[in-house]
Every structure is written in C-alpha cells, then in structure tokens.
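Novice: Please work out how this folds:
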Amino acid sequence: MQNIRITYPKAFILNLLGKSPVWYKNFILACLVINPIVAYFSMFVAGWMLVIEFILTLAMALEVYPLEAGGLLVLEACFLGMCPMEAVTHEIYANLEVILLLMFMVAGIHFVRDFLLFIFTKLLVGVRSTVLLSFLFCFLSGLISAFVDALTVLAIIIATSVGLYNLYVTTVTGSDLVLVSNSDSLIPEKNKSDVRQFRAFLRSLLMSAAVGTTLGGVSTIVGEPQNLIIGHICGWNFGEFAIRMMPVSIPVVIAGLITCYLVQKFRLFGYGTPMPQSVYRILLKRSIENRRKLSKRDRINLIVQGLCCVWLIIALGFHLASVGLIGLSLIVIATALCGVSSEGEIGKAFEESMPFCTLLCVFFTVVTIISTQKLFDPIIAWVLATPTDLQLPIFYIANGLISSVSDNVFVATIYIEQIRDALFHSVITPEHFSQLAVAINAGTNLPSVATPNGQAAFLFLLTSPLAALIKLPYFRMMWMALPYTIVFTIVGLIGVWFIMPEANVLMITHDWINITTINNIAR
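Specialist: So this is what the prediction gives:
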C-alpha cells in the first residue's frame with residue numbers, strides 16, 4: 001500500500017543518490033540546473049563552480065561516495081563542452097600507471113594478507129608494553145606502507161582488531177548479539193570497565209598505525225596514489241623518488257616516531273591506554289590454540305607469502321617493472337603457490353580498489369577541464385611571480401590546506417600538471433620544478449592528516465565497522481590526530497623550505513640524483 005501512495009517524482013527523488021541527505025540531493029540537482037546557465041555566459045566561472053562543487057562531494061565522502069554525485073556534475077560539464085573528450089582519454093592514458101597500481105598492487109597484497117595478519121597478531125600477544133607496542137605498530141605500518149598500499153596495511157590491522165574485539169566480547173557475554181546491536185546493555189556489569197578500556201586501547205593502537213601509514217606513504221613512489229602521479233610526471237623511478245623525498249621524509253619520520261612515543265608515554269590526546277589483563281588472557285589462549293591448529297599447508301602458505309613480500313621489496317627497489325605490473329606478478333605467484341584457483345576468490349581481491357579506480361577517472365576528467373579552461377593559471381602565475389624562495393612554502397601550505405578538506409590525489413594532480421605547464425613555457429627551471437614537485441607531494445601527504453577527509457587511511461578507518469565498535473567518531477579522530485598534524489606540518493615545512501634546497505645541491509654533487517632536464521619530464 002505504501003508503494004501505491006508514492007508518486008513518480010517522489011520515487012525518483014528517493015532513488016536519486018540513494019540514502020544521501022535530502023539537502024544534498026537538492027544541492028546536486030540545483031547545481032545541474034544552474035551550471036549550464038552560468039556556462040552559457042562564462043565557461044571560466046562555470047568551471048570554477050564545478051571545481052568547488054566537486055570538492056564538496058569529496059568532503060561528503062563520509063556519508064556519500066563521491067563517484068555518483070561528482071560523476072553527474074562532471075558528465076554534464078563534458079556535454080557542455082568544457083573539455084574535449086579526446087583530452088580526457090589522453091589524461092587517463094597518461095596516468096595509466098596509477099590505475100594499474102590501484103588495480104593490481106592492492107589486489108596483490110590481498111593474497112599475502114595472512115602473512116601480515118600473522119605478524120601483527122604475534123605483536124599484539126607477544127609485546128606487553130603499550131608504549132612499545134604502539135611504537136612498533138606505527139613503525140611497521142610506515143615501513144610496509146613504503147612498499148605497499150597504505151589502505152591494505154590498515155585493512156589488515158582493522159581485520160585483526162575486529163577479530164580480537166569480537167573474540168573478547170563474545171567470550172564475556174556468551175553471545176554475539178552485542179556485535180549486532182553494538183549496545184553495552186548486553187555486557188555484564190563487571191566487564192564493562194574492561195570493555196571500555198579495551199576500546200581505548202584499540203583506538204590508540206589503530207590511530208598509531210594510521211599515522212604510520214602516513215610516514216611510509218610520503219617517502220616512496222608507491223606509498224600513496226598521488227606519489228605515483230608526481231613521480232611519473234617527473235620521470236623518477238622508485239629509488240630517485242625516495243632519495244628526493246629524504247630531506248623531508250627522514251626528519252618527519254623521526255619526529256613522528258618521537259611524537260608517537262611521547263603521546264603514548266604520557267597518555268596525551270587519548271593515547272596510552274593499556275590492554276586489560278582479562279583481555280590479554282583470552283587473546284593468549286586463542287593464539288596458542290590457533291598455532292596448534294596450523295596445518296602443514298597453512299605453514300607453507302605463510303612462508304610463500306613472506307617470500308612474496310621479499311620479492312615485492314626487491315622488484316620495487318630495483319625498478320624491475322612498473323609498479324602495477326609488479327603487483328600483477330604478485331597476484332600470479334601468490335595465487336599459484338597458495339592454492340587459490342577459482343575466479344570468485346580472485347575477484348574478491350579487486351573489490352576494494354575498483355570503486356576508487358572509477359572515481360580516479362572522474363578526477364582526471366576534472367583535471368582536464370581545469371587545464372582546458374585554464375582555471376588555475378591566474379593562481380599559479382601569482383605564486384610563480386613571488387620570490388623563488390617563497391614558492392616552496394606557498395605550494396606546500398596550499399596543497400596541505402586544500403588536501404585537508406578535499407582529496408589529496410585530486411589536489412596533487414592539479415598542481416603537478418600546472419607547474420609542468422609552467423616548466424614547458426619556460427616560467428621555471430627544471431630543477432626548481434623538481435623542488436616544487438617535492439613540496440606538492442609533502443603538502444598533500446603531511447598536513448592533510450588534520451582531518452579524515454584528507455587521508456585515505458584515516459577515512460577508511462572512520463568508515464569501517466570497527467570505528468563504531470570502539471567509539472571512534474569523526475571529531476575524536478581529529479583530536480587524536482592533532483599532535484601529529486602540528487608536528488608533521490611544522491617539520492615538513494622546515495624540510496621543504498630550508499633543508500631540501502641545500503640537500504639537493506649536496507646530492508647532485510655526490511651523484512646521488514641527476515640534474516633534472518626538461519627531457520625527463522612526461523608531457
């Protein structure tokens with residue numbers, strides 16, 4: 001009867017963008033109506049409206065995936081003639097390595113997750129010091145994220161934490177209903193204090209791991225998707241990218257690990273809560289049981305997956321192939337030697353990355369519109385007209401601020417392509433272009449930890465089922481990220497502004513890096 005009373009217009013509105021807020025649906029509809037009118041009078045103004053609207057869809061990513069709303073706005077812009085479709089195809093083709101990275105590397109890591117899960121579980125049970133445990137999680141997350149996708153690393157830690165939380169809660173309640181309702185009313189009164197403490201412990205541990213992925217992510221070309229875009233345009237391989245970033249990444253990593261130790265040691269900003277003894281006893285008992293249940297096939301799989309991780313590090317370090325193809329080799333080796341032979345099992349590995357690959361193609365379309373309509377030309381011209389020694393901090397801060405409320409892949413793509421155009425028009429020198437590229441990479445990776453919107457790993461954690469279980473809402477995550485935001489931003493700025501220019505001269509003198517020439521830059 002309810003379906004009969006719904007009118008067709010109302011049914012259309014209910015279907016439009018699914019469960020999005022009504023105001024958001026109305027806003028997108030209004031944009032779709034207003035944009036063509038504005039475009040009739042000024043494509044430039046309409047282009048800027050599109051960019052602002054698209055950034056808003058990214059800011060709403062916690063409630064609504066940006067692909068649908070952003071895609072509608074961009075599709076309309078293409079129909080309005082804001083950019084030729086051939087240019088969109090060329091832009092996507094030019095960034096094919098990034099798409100291959102997301103498709104194959106993320107899927108490849110999916111098939112070695114048991115080994116990584118085994119390592120993190122052993123740490124949880126084997127290390128009793130909360131400070132040392134959080135420090136190790138931060139360090140190892142950073143180390144692994146320098147070679148594999150940060151989201152995959154955090155996904156493994158989240159899966160471990162969910163399993164441990166579920167094990168403890170179902171053990172003390174004797175039922176799994178509490179996991180469905182997420183209500184403390186089903187937890188016995190004598191255990192409520194331990195449950196609250198365990199949640200605080202997991203929040204501390206997970207935020208330390210998420211911060212660690214930022215430390216590793218800024219350091220190498222595969223650490224974050226935007227790194228590969230920047231590295232590809234600059235013509236840097238894995239080694240040169242890492243060396244060029246060292247004047248920024250090494251001070252930031254050291255400062256980040258010191259910050260991790262201090263906030264855990266002195267229990268600041270919600271960190272430092274120890275694991276309850278009752279929880280540890282349950283986890284230790286289950287760990288011993290699981291070790292006994294390991295079959296010979298299970299042990300062989302763990303060894304194979306460990307060797308696959310070694311192969312990954314060697315292949316990336318020596319640049320044996322493009323990052324995406326190395327990921328593809330990982331899929332082939334891991335599935336062939338670990339008994340994965342069905343299409344369904346392999347298909348699951350691609351579920352995490354394909355939505356973002358699709359969204360990335362929409363990003364590249366917006367970038368094409370920006371380039372065609374020359375939207376950023378006045379801003380870039382103003383920045384490049386400032387004294388040379390001020391351009392590095394300006395680019396760093398601008399990228400950091402915008403990335404905090406938008407998507408860092410989107411921001412990095414816009415800025416790196418703008419300065420590339422400036423290079424080809426002889427506005428800047430090749431070596432200054434390289435320094436600006438480092439500033440852009442640092443800006444999109446470091447200050448953006450201020451909000452979950454700015455870091456994909458933070459956003460992934462916030463939108464995971466675990467966030468609700470351990471009571472980790474948006475503003476608590478911002479509060480826990482605050483000390484790292486302050487430290488990363490300041491140390492990163494010092495590295496970009498003062499250390500990097502002098503370090504580059506030293507590295508070129510000792511032949512650690514080559515002098516950048518315009519022939520190295522991808523058009």
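Novice: Please name the residues that touch Thr358.
Specialist: Leu67 (C-beta atoms under 8 Å, 6 or more residues apart in numbering). (Glycine included, C-beta is placed from N, CA and C.)
Novice: mind showing which ranges of the stretch 101-250 of the chain have poor pLDDT?
Specialist: 149, 152, 174-186 (pLDDT under 70).
Novice: show me where it has helices.
Specialist: Counting by DSSP state H, counting those that start in this stretch, the stretch 101-250 of the chain has helices at residues 106-110, 113-126, 130-145, 150-173, 177-181, 189-217, 225-234, 238-265.
Novice: Now Gly71. Nearest residue, chain neighbours left out?
Specialist: Val362 (5.3 Å; C-beta to C-beta, 6 or more residues apart in numbering).
Novice: One more: Ala200?
Specialist: Thr273 is the one closest to Ala200 (C-beta to C-beta, 6+ apart), at 3.8 Å.
Novice: which SS class is that neighbour?
Specialist: Following DSSP: H, G, I helix; E, B strand; the rest coil, we place Thr273 in the coil state.
Novice: Helices of the stretch 351-500 of the chain, residue ranges please.
Specialist: Under DSSP H, counting those that start in this stretch, the stretch 351-500 of the chain gives helices at 354-373, 377-385, 388-405, 408-424, 430-445, 456-462, 465-469, 474-494, 500-509.
Novice: and His510, which of the helices of the stretch 101-250 of the chain is closest to it?
Specialist: Ranking those by proximity to His510 (C-beta to C-beta) places helix 238-265 first, at 10.7 Å.
Novice: now the closest one and helix 130-145, what's the angle there?
Specialist: On the basis of axes from the mean of the first three to the mean of the last three C-alpha atoms, to 10 degrees, helix 238-265 is oriented at 160 degrees to helix 130-145.
Novice: Please name every helix or strand in contact with helix 238-265.
Specialist: helix 130-145, helix 189-217, helix 225-234, helix 296-317, helix 430-445, helix 474-494, helix 500-509 (3 or more C-beta pairs under 8 Å, 6 or more residues apart in numbering; DSSP states H and E).
Novice: just the helices of the stretch 351-500 of the chain: most buried one?
Specialist: helix 430-445 (a mean of 26; mean count of other C-beta atoms under 10 Å).
Novice: And the pLDDT at Gly272?
Specialist: Listed pLDDT for Gly272 reads 94.
Novice: which residues touch the closest residue to it other than its chain neighbours?
Specialist: Leaving aside its sequence neighbours, Gly272 sits nearest to Gln264 (C-beta to C-beta, 6+ apart; 4.7 Å). Gln264 is in contact with 130-131, 134-135, 204, 208, 271-272, counting by C-beta under 8 Å, 6+ apart.
Novice: What subset of the residues you listed is buried?
Specialist: Buried members of the contacts of Gln264, counted by 16 or more other C-beta atoms under 10 Å: 130-131, 134-135, 204, 208, 271-272.
Novice: Using CSV, please lay out these together with distance to Thr386.
Specialist: Formatted as CSV, these follow (distance: C-beta to C-beta, whole Å):
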residue, distance to Thr386
Thr130, 47
Val131, 44
Ser134, 41
Phe135, 40
Ser204, 42
Ser208, 38
Tyr271, 39
Gly272, 43
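Novice: List the contacts of the residue nearest the centre of the chain.
Specialist: Per C-alpha atoms, centre = their mean, the C-alpha nearest to the average position across the chain is that of Ala456, at 3.1 Å. With contact set as C-beta under 8 Å, 6+ apart, Ala456 has these partners: 150-151, 224, 408.
Novice: quick one: which of those has the most company?
Specialist: Within the contacts of Ala456, neighbour counts (other C-beta atoms under 10 Å) peak at Glu224, which reaches 30 neighbours.
Novice: so which of the helices and strands packed on helix 238-265 gets nearest Leu96?
Specialist: helix 225-234 (9.3 Å).
Novice: Show me what that closest one packs onto, helices and strands only.
Specialist: Helix 225-234 packs on helix 96-100, helix 238-265, helix 408-424, helix 430-445, going by 3+ C-beta pairs under 8 Å, 6+ apart.
Novice: can you tell which of those helices is closest to Ala334?
Specialist: That would be helix 96-100 among those, by C-beta to C-beta, at 17.3 Å.
Novice: Identify each buried residue in the closest one, please.
Specialist: Neighbour-count burial for helix 96-100 [16+ other C-beta under 10 Å]: 97-100.
Novice: How far away from the center of its chain is that helix?
Specialist: 16 Å (C-alpha atoms, centre = their mean, to the nearest Å).
Novice: Give me the contacts around that helix.
Specialist: Contacts for helix 96-100 (C-beta under 8 Å, 6+ apart): 92, 225, 228-229, 232, 322-325, 327-328, 357, 360-361.
Novice: Can you lay out those as JSON lines showing distance to Tyr168?
Specialist: Below are these laid out as JSON lines (distance: C-beta to C-beta, whole Å):
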{"residue": "Ile92", "distance to Tyr168": "46"}
{"residue": "Pro225", "distance to Tyr168": "35"}
{"residue": "Leu228", "distance to Tyr168": "39"}
{"residue": "Ile229", "distance to Tyr168": "42"}
{"residue": "His232", "distance to Tyr168": "45"}
{"residue": "Ser322", "distance to Tyr168": "43"}
{"residue": "Val323", "distance to Tyr168": "39"}
{"residue": "Gly324", "distance to Tyr168": "40"}
{"residue": "Leu325", "distance to Tyr168": "42"}
{"residue": "Gly327", "distance to Tyr168": "35"}
{"residue": "Leu328", "distance to Tyr168": "39"}
{"residue": "Cys357", "distance to Tyr168": "37"}
{"residue": "Leu360", "distance to Tyr168": "38"}
{"residue": "Cys361", "distance to Tyr168": "42"}
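Novice: Kindly format the C-alpha coordinates of stretch 159-166 as PDB.
Specialist: Listed in PDB are the C-alpha atoms of stretch 159-166, where the atom choice follows Å, rounded to 0.1, in the frame of the first residue of the first chain:
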ATOM      1  CA  ALA A 159      40.600  -7.000  10.400                       C
ATOM      2  CA  THR A 160      42.900  -8.100  13.200                       C
ATOM      3  CA  SER A 161      41.400  -5.700  15.700                       C
ATOM      4  CA  VAL A 162      37.800  -6.600  14.700                       C
ATOM      5  CA  GLY A 163      38.600 -10.300  15.300                       C
ATOM      6  CA  LEU A 164      40.200  -9.600  18.700                       C
ATOM      7  CA  TYR A 165      37.300  -7.400  19.800                       C
ATOM      8  CA  ASN A 166      34.700  -9.900  18.700                       C
END
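Novice: in that stretch, what's buried?
Specialist: 159-162, 164-165.
Novice: Any idea how far that stretch is from the middle of the chain?
Specialist: 22 Å.
Novice: Give me the residues contacting it.
Specialist: 113, 117, 120-121, 124, 176, 179, 198-199, 202, 205-206, 279, 283, 465-466, 469-470.
Novice: about what we covered before: nearest to Tyr8, of the helices and strands packed on helix 238-265?
Specialist: Among the helices and strands packed on helix 238-265, helix 474-494 sits nearest to Tyr8 (C-beta to C-beta), with 36.5 Å.
Novice: Can you spell out which helices and strands pack onto the closest one?
Specialist: helix 189-217, helix 238-265, helix 388-405, helix 456-462.
Novice: The longest one to helix 474-494, inter-axis angle?
Specialist: This points to helix 189-217. Going by the same axes, to 10 degrees, helix 189-217 makes 30 degrees with helix 474-494.
Novice: burial of Thr213, as a residue count?
Specialist: Other residues close to Thr213 by other C-beta under 10 Å number 31.
Novice: So the nearest residue to Ile314 once chain neighbours are set aside: helix, strand or coil?
Specialist: Using C-beta to C-beta, 6+ apart and skipping residues adjacent in sequence, the residue nearest Ile314 is Leu320, 7.7 Å away. Secondary structure, three-state DSSP: Leu320 is coil.
Novice: what is the mean pLDDT for stretch 426-446?
Specialist: Here the average pLDDT along stretch 426-446 is 92.
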